[in-house]
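> The following comprises the amino acid sequence and a computationally predicted model.
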Amino acid sequence: MRRERHVRPATFRDTFGVAEFRALWSADLLSEVGDQLARVALAVLVYQRTSSAVLTALTYALTLLPSLLGGTLLSGLADRLPRRRVMITCQLLQAGMVALAALPGTPLALLCVLVFLVQLADAPAKAARMALLPQILLGDRYVAGQAIGHMTRQSAVLGGFAAGGIVVQAIGPYLALVVNAATFLFAAAIEAVGVRPRPAPRDGAATPGAMWASLGQGVALITRSPRLRSLAALAWLAGCYAVPLGLAAPYAAELGGSPVTVGFLMATAPAGSLIGVALFTRLVPPEWRGRLMGPMAVLTSLPLVFCALRPSVGVSTLLWAAVGVFSAYQVAANAAFMRTVPDTSRGQAGGLVASGLVAVQGLGILLGGLLAEGIGAARTVAVAGALGVTLGLFAAYAWRRARIRTPEPAGETVSA
């Protein structure tokens, strides 16, 4: 039997000791905070000008849809152009478009177009950042860096909307958008100073034809690799356990809860995720993480099955928090995926999986809402949990076979 070498998990302190990572993390944090602030400001601005709930919801949707399109069509820019240049250019473009949206009197139609374009430009910037991270962080520091980024984004979601509401109330939606534009400028400046230039990983111009070719190559790369297919499947299980977030209001109503209950339930999964990621990356040895990804993927959806019993608000909170804790496997799955993909395709492949994640979460929430009209929110959450467990068993088995049959990429530390 093979003897295993115990590898000490990298600490967050180790990871923050890398100067380029600190620059990337700071820029990402500014972008996330600015995004949450912009969503609140735009919602308030559109509703103030139109008094239309439909148009307000449409504006919010326009902050999400481009992630799907941009991640699919534009992520290849991060492979064909220098990644530092992609990040800086996109953020400067975003700053300019947000500043234009902040001008009083901007027509509503133009405002919607600008919102769409701002989020569209975000896709290649994020793809470049994702693809650059494995070059900056080596060994288990990369997994720790993924964990830090995940926890930062979850914290931004948890606190961003509340803080955004306070800021918009204090200075108004137009000035809030100006602040958002400033966050993009500061992020670009941090990356210009703190990240060193590197050549483009792939030769060739970023023409439309080349981008379509890159998209096809990215799809082929994922579909032909059992390892990448299984890792993508593990990631996309989030489409099942994201369903409760879309049903928090009717679920709380079935339990006799209040709007406070809705907010509390929605916050439990992100809060559980923060705890789970911290424990998973700090306490689980790197050589065990790959083995635990499959079981954790199944366990992530399992607590939702018990929602069929309509437990109390307190018990429901614990169940939803457990979902967040077990979902920590996503950090290791993402790290394994990005390390498996050749550097010349990391931007495109990572963008495809990220776009798929947005798609399955949106589809899951939409189908969950339709099903809840017929059988109720609690039962729908339980059905989503049962489906997640079933699909998780298949994904976990596929990952186990791929991990045994395919060699570990150089530098891989998340599996045995």
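Alright, I've got the coordinates.
> any low-confidence regions in the stretch 51-200 of the chain?
Low-confidence segments of the stretch 51-200 of the chain, defined by pLDDT under 70: 52-65, 157-165.
> ok, 80 please
Where the stretch 51-200 of the chain drops to pLDDT under 80, the residues are 51-75, 112, 153-169.
> Check the stretch 301-416 of the chain too.
358-359, 362, 366, 404-416.
> Helices along that one, start to end?
Per DSSP state H, counting those that start in this stretch, the stretch 301-416 of the chain carries helices over the ranges 313-326, 329-340, 346-375, 377-405.
> of all those, which gets the most neighbours per residue?
helix 329-340 (a mean of 25; mean count of other C-beta atoms under 10 Å). Heads up, the C-betas are built off the backbone N, CA and C, glycines and all.
> Could you figure out how far that helix is turned away from helix 346-375?
Angular relation of helix 329-340 and helix 346-375 on a 0 to 180 degree scale: 150 degrees, by axes from the mean of the first three to the mean of the last three C-alpha atoms, to 10 degrees.
> packing partners for helix 329-340?
When contacts are defined as 3 or more C-beta pairs under 8 Å, 6 or more residues apart in numbering; DSSP states H and E, helix 329-340 packs onto helix 108-136, helix 140-171, helix 226-236, helix 259-283, helix 286-305, helix 346-375.
> Go through the helices of the stretch 301-416 of the chain and name the closest to A238.
For A238, the closest of those is helix 346-375, at 5.7 Å, according to C-beta to C-beta.
> Check the offset of the closest one from the chain's centre.
12 Å (C-alpha atoms, centre = their mean, to the nearest Å).
> tell me the domain boundaries of the chain?
As assigned by automatic domain parsing, the chain contains the domains 7-206, 214-416.
> re earlier: which of the helices and strands packed on helix 329-340 sits closest to S67?
Ranking those by proximity to S67 (C-beta to C-beta) places helix 346-375 first, at 5.0 Å.
> who's in contact with the closest residue to C307 other than its chain neighbours?
Distances taken as C-beta to C-beta, 6 or more residues apart in numbering put V381 closest to C307, at 4.3 Å, once the chain neighbours are dropped. Counting by C-beta atoms under 8 Å, 6 or more residues apart in numbering, V381 makes contact with 243-244, 247, 251, 304, 307-308, 368.
> The same query, at a cut-off of 7 Å, please.
243-244, 247, 251, 304, 307 (C-beta atoms under 7 Å, 6 or more residues apart in numbering).
> quick one: which of those is nearest Y174?
L247 (34.3 Å).
> Now do the same contact list for that closest one.
Applying C-beta under 7 Å, 6+ apart, the residues near L247 are 368-369, 372, 377, 380-381.
> Repeat the analysis, applying 8 Å as the threshold.
Applying C-beta under 8 Å, 6+ apart to L247 gives the contacts 365, 368-369, 372, 377, 380-381.
> E254 too?
310, 376-378.
> one more time with 6 Å, if that's ok
377-378 (C-beta atoms under 6 Å, 6 or more residues apart in numbering).
> From T261, how far off is it?
From E254 across to T261, the span is 11 Å (C-beta to C-beta, to the nearest Å).
> Which one of the helices and strands packed on helix 329-340 lies nearest to E191?
Here helix 108-136 is closest among the helices and strands packed on helix 329-340 (C-beta to C-beta), at 8.7 Å.
> Return the angle between stretch directions for the closest one and helix 329-340.
Using the same axes, to 10 degrees, helix 108-136 lies at 70 degrees relative to helix 329-340.
> Going by contacts, tell me the helices and strands next to helix 108-136.
helix 19-50, helix 65-73, helix 77-80, helix 83-101, helix 346-375 (3 or more C-beta pairs under 6 Å, 6 or more residues apart in numbering; DSSP states H and E).
> can you pull the buried residues of stretch 262-276?
262, 264-274, 276 (16 or more other C-beta atoms under 10 Å).
> Can you tell me which of the residues you listed is nearest W320?
Nearest to W320 among the buried residues of stretch 262-276, with distances taken as C-beta to C-beta, is T268, at 4.3 Å.
> Identify the residues contacting that closest one.
317, 320-321.
> if we go to 10 Å?
Each residue near T268 by C-beta atoms under 10 Å, 6 or more residues apart in numbering is listed here: 244, 248, 316-324.
> quick one on the thing from earlier: tell me which of the helices and strands packed on helix 108-136 lies nearest to S214.
Using C-beta to C-beta, these put helix 346-375 closest to S214, at 5.1 Å.
> the inter-axis angle of that closest one versus helix 226-236?
Using the same axes, to 10 degrees: helix 346-375 against helix 226-236 is 40 degrees.
> Report the angle between helix 346-375 and helix 377-405.
Using the same axes, to 10 degrees: helix 346-375 against helix 377-405 is 150 degrees.
> List the contacts of the closest residue to G34 other than its chain neighbours.
Nearest residue to G34 in three dimensions, chain neighbours excluded: T183, at 3.4 Å (C-beta to C-beta, 6+ apart). T183 makes contact with 27, 29-35, 37-38, 91, 94-95, 98, according to C-beta under 10 Å, 6+ apart.
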